[in-house]
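> model this:
(2 chains)
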Amino acid sequence: MLQHRSLNEVEGAVRQAGIGAGVPNGFETDIAAAARWLEMRGFDGIRMAVAALKAICKSNDTEYADPTIGPQTDGAEQRYQSPPNQPVMPSHGLSAGPILAEEMQVRLSISPDFPASWSGQLSGPLGVLPFLSAACVETHSAHLIWHSPDSNAHALALCAGGAIRVRYSDAAFLNTTENTYVEMALFSRPMAVNAVIPSAHILDAWDLDRRRDNALRSGVEVEEYGFFQLAELADPSVRIAS
Amino acid sequence: MNVVAINKGEVDKGQLRPPSQVMRLARLGAFQADRLSFVRVLLRRMHRDGWSMRRNYFDLDEKGRGIVVYGVEAPAADIALVCIGHEDGKTPAEINYSFVLYDGIPDEEELDRLRKNVELLDKGRFSARDFVLCRAERNEPLFVKTVQNLAAGKQPNLETLATSGHLLTTTAFFSNGKLGLADFERMVRIPGLSGPFVSEMLTLFLIREFSVDLVEHLARQRKPNQAARLTGDLRNAIGVGNSADLGLAPYLINHPVILDRWVVARETAIARVTGLNTAASDEVTRFKTVLNRACVAVETWQTLSPVQSDRIAGLREGLEQLKEQVDSFGPHWWGSPNPWARLVDWVERYCSLETQELVNSLILEPYPELVDTLAPMMRAGEEPKLDPAMKVARLLKIIERHYAWALAIDFTDPRTHHFVWDFVPDRHDAVLKIRNESDPSLREARLGMAREVVHLHTALIDDDGIDPQTVRVSAFLRRRPDMRAAVRRVQTIAKFPYGEIRDNILHADCDVSDIVRCKLAFFGATRFDPGDGKRMSALFFQGAPSASELTLDVDDWAFPEWSGQTGSA
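Sure, this is the predicted structure:
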């Protein structure tokens, strides 16, 4: 059932779910802000947050545990606090996003003439977009995220000016919960976008600001089930019982 | 007037009182309303932009149940306050009225929707057209007496009215998206509502109007032929009470940039005035007038809290001493360099914090052109951000510079983390509890910044794998992701040093009501009463012009004076 929710409620519910799910202190703020960012732009930020947080919780379960990171007492903490030589990246775009974006931001600040890039497996690659967007504003750069092995690669590009170019119907795969091969890059110059993405991949211009205006006028209509799942994550006693 | 040197340029940061002095909890808890308070800013805006208000709809029965709508015409915006008088049994006994600040003028269908949802209490759902939800209860003794007097065709006693000061007490405030209400970003796009807490202050202002209309209506219902209406002074003596939950406190901790902006605006105003070379005679006269009024107003400040009683006693004494001093100052004293700085120095040397901060508010009164222009500075435009490229050495330096006070705390003492802010299911904020580590349902909101930053400092120092000169924050956070919040905090405070309360708020001796008071002081509340320590009561808009007086001088009502009219007891 759809219900009206304010963006602040979205953010608050995700933040509490993050605390309940045991993400390291501070990540819940970032994940929550990113979920709000996505909802504001018409993407299903709540569903992504639930998927990201569940992925973190799942590492409690030995079946899912990475054998290299030792006994799992507190899955979430362990997953993030892996030994420095074997860093384990959270597997979902929304929880890996802060780390990826910041690493790339640092690399770009060290050598501004070269793109900072990363490639690997992520579920919900769209989840990194809010973080790359922030990094992009900070570094006055442009970033891209694309789904590479598929020959019909769909590109999602974001310039420092804030315009997203994407064909909306193709954005769905970016929200996938399955592991997807993803490449992304952060460039110091916005013009690099046109140089790197073949124009065929840039399909429709999408006026971000107008969508945001609309969202703010009406709040967001969200599936109540998403909030129910967030509430479950927020309360560890409920989660453990289930 | 001698403001040539200072009224154009900004005050140098170095001229402000340092955060180490200002940002102590005891001092913040002594802050008082001033020219920059949000209620003052709102009234100036309403006056300047020619806002008008009218009663669009009035349907109350003989017991005050029903709906009243006040329409506000601001430039390019129509806003309404919907006031709902509850029928007995529909809401808990302590909720007599609910109010919704609404975008536009609601039709019957919308009124019905609002009425149904306010009656569902915290289960109610609101829309992006609804800005603020507020609940209130009657201040029973004064309310009943006032209705009785008016019904008998008499005016109530001014002194009684002014001493109690309010007919309604607001007990719960919801805004910024709670229960589905409009998000802050949505609200501030409405012309006239931009700026901190404007909608909330407008709601309180209109509730005050409603409270007066309500008692007059009830009196008329009783004695239609002889009931009186409240006369001007009596109307103005009525403010609106507010009883705030201590849950307000985390706001100032969670929003360091906002706290910094508010405090820096006030400190800049103080520095501009204390930086003046001389004071003109009309400015001195103006100061003496408000000082005298403050002395009178403080006499009516009552509290059940022994701590606050002592503070008020100290304040009364301090103000009397100051008055004697000020009366003894001749033209030579005022004509010598930096009179306000010398005055403030004197108060700081001999008077309590409560007196010091009141005097800091009072010296701003004669200088609208120096102070009022700082109000736009109180909008926070920036979210706390993490700078991943910063070197660890720099982070350590910031901690040692801005958190030396925290590093000096011995956290092995259990009293240093006696309290905990715990998230409660179904509420989006945290409540203060005494820490019980064995409580399995504890979900701590990490608000004790002293402890968080000390942990960060220890982690940075103890990590042998880190060379602070070469390693960046991003690399450190890969090793210690749990330090993310603390790193962001420290980096934010480096930019916004007035954003951190420099005391351990989890300490057994910490009085959280000081944080609530600080926030309410910025709002423009007066007569703070921490009561039994669970809530903070205060009064808004007492002495302020009413909605029909907005074309008059709207800026001379701090510490109002009553003209001594007497009525029936």
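> contacting residues around B:Leu447?
B:250, B:253-254, B:421, B:430, B:505-506 (CB atoms under 8 Å, 6 or more residues apart in numbering or on different chains). The way it works is simple: take the backbone N, C-alpha and C, and place the C-beta from them, glycine included.
> Weed out the non-buried ones from those.
With neighbours counted by 16 or more other CB atoms under 10 Å in any protein chain shown, the contacts of B:Leu447 contain buried members at B:250, B:253, B:421, B:430, B:505-506.
> Format the contacts of B:Leu447 as TSV; extra columns: pLDDT, secondary structure and distance to chain A.
Output for those, formatted as TSV (pLDDT from 0 to 100; DSSP: H, G, I helix; E, B strand; the rest coil; distance: CB to the nearest CB, whole Å):
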residue	pLDDT	secondary structure	distance to chain A
B:Pro250	93	helix	12
B:Ile253	95	helix	13
B:Asn254	94	helix	10
B:Trp421	91	strand	12
B:Ala430	83	strand	10
B:Ile505	96	coil	17
B:Leu506	96	coil	15
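> and which of those is nearest A:Ile19?
Nearest to A:Ile19 among these is B:Ala430, at 10.1 Å by CB to CB.
> Next up, the contacts around that closest one.
By CB under 8 Å, 6+ apart, B:Ala430 lies in contact with B:247, B:250, B:421-424, B:445, B:447.
> Measure how buried the residue nearest to B:Phe197 when sequence neighbours are not counted is and give me the count.
Using CB to CB, 6 or more residues apart in numbering or on different chains and skipping the chain neighbours, the partner closest in space to B:Phe197 is B:Phe38 (4.9 Å). B:Phe38: 24 surrounding residues under other CB atoms under 10 Å in any protein chain shown.
> Isn't B:Phe38 up against B:Phe523?
Yes. Using CB atoms under 8 Å, B:Phe38 is in contact with B:Phe523, at 5.1 Å.
> Pull up the overlap in contacts between these two.
B:197, B:200-201.
> Restricted to strands, list those residues.
Judged by DSSP state E, the subset of the shared contacts of B:Phe38 and B:Phe523 located in strands is empty.
> from the residues you listed, which ones fall inside helices?
B:200-201 (DSSP state H).
> Of the shared contacts of B:Phe38 and B:Phe523, which count as buried by neighbour count?
Buried, going by 16+ other CB under 10 Å: B:197, B:200-201, out of these.
> Let me have those residues in a markdown table, adding pLDDT as columns.
What follows is these, written out as a markdown table (pLDDT from 0 to 100):
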| residue | pLDDT |
| --- | --- |
| B:Phe197 | 95 |
| B:Glu200 | 97 |
| B:Met201 | 98 |
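> Which residue ranges of chain A form helices?
For chain A, applying DSSP H gives helices covering A:7-21, A:27-40, A:45-58, A:75-80, A:93-110, A:129-139, A:192-196, A:208-218, A:224-234, A:236-241.
> For chain B, find the nearest of those.
Closest approach to chain B among those is made by helix A:7-21 (2.7 Å; CB to the nearest CB).
> Tell me which of the helices of chain A lies nearest to B:Tyr403.
Comparing the helices of chain A by CB to CB, helix A:27-40 comes nearest, at 20.0 Å.
> Quick one: check the closest one for contact with chain B.
Yes. Using CB under 8 Å from any CB of the partner chain, helix A:27-40 comes into contact with chain B via A:27, A:29-30, A:33.
> hey, where'd the helices end up in the stretch 151-300 of chain B?
Secondary structure of the stretch 151-300 of chain B (DSSP state H, counting those that start in this stretch): helices at B:158-164, B:184-187, B:198-222, B:232-237, B:249-254, B:256-274, B:281-299.
> Mean pLDDT lowest where, among these?
Note on the helices of the stretch 151-300 of chain B: helix B:184-187 shows the lowest mean pLDDT, a mean of 86.
> so what secondary structure elements neighbour that helix?
Taking 3 or more CB pairs under 8 Å, 6 or more residues apart in numbering or on different chains; DSSP states H and E as contact, the helices and strands that helix B:184-187 lies on are helix A:208-218.
> who's in contact with B:Pro19?
B:Pro19 sits in contact with B:402, B:497-498, B:500, B:502, where contact means CB under 8 Å, 6+ apart.
> ok, and what's touching stretch B:458-477?
Here stretch B:458-477 makes contact (CB under 8 Å, 6+ apart) with A:84, A:99, A:102-103, A:105-106, B:386-393, B:395-396, B:399, B:479-480, B:483-484, B:487, B:491.
> And B:Val487, how far from B:Asp555?
Separation of B:Val487 from B:Asp555 (CB to CB, to the nearest Å) stands at 44 Å.
> Show me which of those two is the more surrounded one.
Comparing B:Val487 with B:Asp555 by neighbour count (other CB under 10 Å), the higher total belongs to B:Val487, at 27 against 16.
> give me the residue from the stretch 101-250 of chain B nearest chain A.
B:Gly177 (2.7 Å).
> which residues touch that residue?
If a contact means CB under 8 Å, 6+ apart, then B:Gly177 has A:6-9, A:12, B:183-184 as its contacts.
> Could you export these to CSV, including columns for distance to B:Gly239 and neighbour count?
Formatted as CSV, these follow (distance: CB to CB, whole Å; neighbours: other CB atoms under 10 Å in any protein chain shown):
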residue, distance to B:Gly239, neighbour count
A:Ser6, 30, 26
A:Leu7, 34, 25
A:Asn8, 29, 22
A:Glu9, 32, 24
A:Gly12, 32, 22
B:Asp183, 29, 26
B:Phe184, 26, 18
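> Under the pLDDT cut-off, which ranges of chain B? List them.
Residue ranges of chain B with pLDDT under 70: B:1-14, B:425-428, B:563-569.
> Break down it into its strands, ranges please.
With strands called from DSSP E, chain B shows them at B:52-60, B:66-74, B:77-85, B:97-103, B:130-138, B:166-174, B:239-245, B:419-423, B:430-434, B:526-529, B:535-540.
> okay, the helices of chain A in a markdown table with mean pLDDT next?
Formatted as a markdown table, the helices of chain A follow (pLDDT from 0 to 100):
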| stretch | mean pLDDT |
| --- | --- |
| helix A:7-21 | 91 |
| helix A:27-40 | 91 |
| helix A:45-58 | 88 |
| helix A:75-80 | 40 |
| helix A:93-110 | 86 |
| helix A:129-139 | 78 |
| helix A:192-196 | 47 |
| helix A:208-218 | 51 |
| helix A:224-234 | 90 |
| helix A:236-241 | 57 |
